[in-house]
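Chemist: Return a 3D structure for these sequence lines:
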Amino acid sequence: MVTGGLALPICPEQLGGLPTPRPAMEIVGERVLSALGEDFTEKFELGAKETLRIAQEFRCTKAILKSSSPSCGFGQVYDGSFSNTKTEGMGFTAQLLWENSLEIESK
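Modeler: You can find the predicted model right below:
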């Protein structure tokens, strides 16, 4: 899809300024924290906004997102306990794209 010009490979977490690899992070309340308690919420918000900006610029109608992540999880995300337990919810980017009428597919 990418080589055919039908998709854009985007990582919201990288767009927000996070490195690869990065520590495990989960949504805890309304924040995104590492297991050590470091707060990465602003980087997730920035990455989500930049992803939406790019999607709108290229007139994207659908996003294929990584399941369970605090950015891209759609339907389920990790519950914030860092115990590999999932709960109903959406990641920051998934939520913003959904609110702006993009179709979401979770992989």
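Chemist: Does residue 26 fall in a helix, a strand, or a coil region?
Modeler: Judged by DSSP: H, G, I helix; E, B strand; the rest coil, the three-state class of residue 26 is strand.
Chemist: what's it in contact with, if anything?
Modeler: By CB atoms under 8 Å, 6 or more residues apart in numbering, the contact set of residue 26 is 32-33, 35, 70, 77-82. To be clear about C-beta, it is placed using only N, CA and C from the backbone, and glycine gets the same treatment.
Chemist: Check residue 17 too.
Modeler: Residue 17 neighbours (CB under 8 Å, 6+ apart): 43, 46-47.
Chemist: what secondary structure does it sit in?
Modeler: On the three-state scheme (three-state DSSP), residue 17 is labelled coil.
Chemist: any idea of the pLDDT on it?
Modeler: For residue 17, the pLDDT comes out at 98.
Chemist: Now do residue 30: how many residues are near it, please.
Modeler: Neighbour count of residue 30, defined by other CB atoms under 10 Å: 7.
Chemist: Nearest spatial neighbour of it, chain-adjacent residues omitted?
Modeler: residue 41 (7.7 Å; CB to CB, 6 or more residues apart in numbering).
Chemist: Now that that neighbour has come up, it's in contact with residue 31, right?
Modeler: Yes - between residue 41 and residue 31 a contact is recorded at 4.7 Å, counting by CB atoms under 8 Å.
Chemist: returning to that earlier point: who wins for neighbours among the contacts of residue 26?
Modeler: residue 70 (27 neighbours).
Chemist: in what helix or strand does it lie?
Modeler: When elements are assigned from DSSP states H and E, residue 70 belongs to no helix and no strand.
Chemist: can you pull the contacts of it?
Modeler: Residue 70 makes contact with 25-27, 32, 44, 77-78, 91-92 under the criterion CB under 8 Å, 6+ apart.
Chemist: longest helix of the protein?
Modeler: Counting by DSSP state H, the longest helix found in the chain is helix 41-57.
Chemist: Which helix or strand lies directly C-terminal to it?
Modeler: Using DSSP H and E, the helix or strand that follows helix 41-57 in sequence is strand 62-65.
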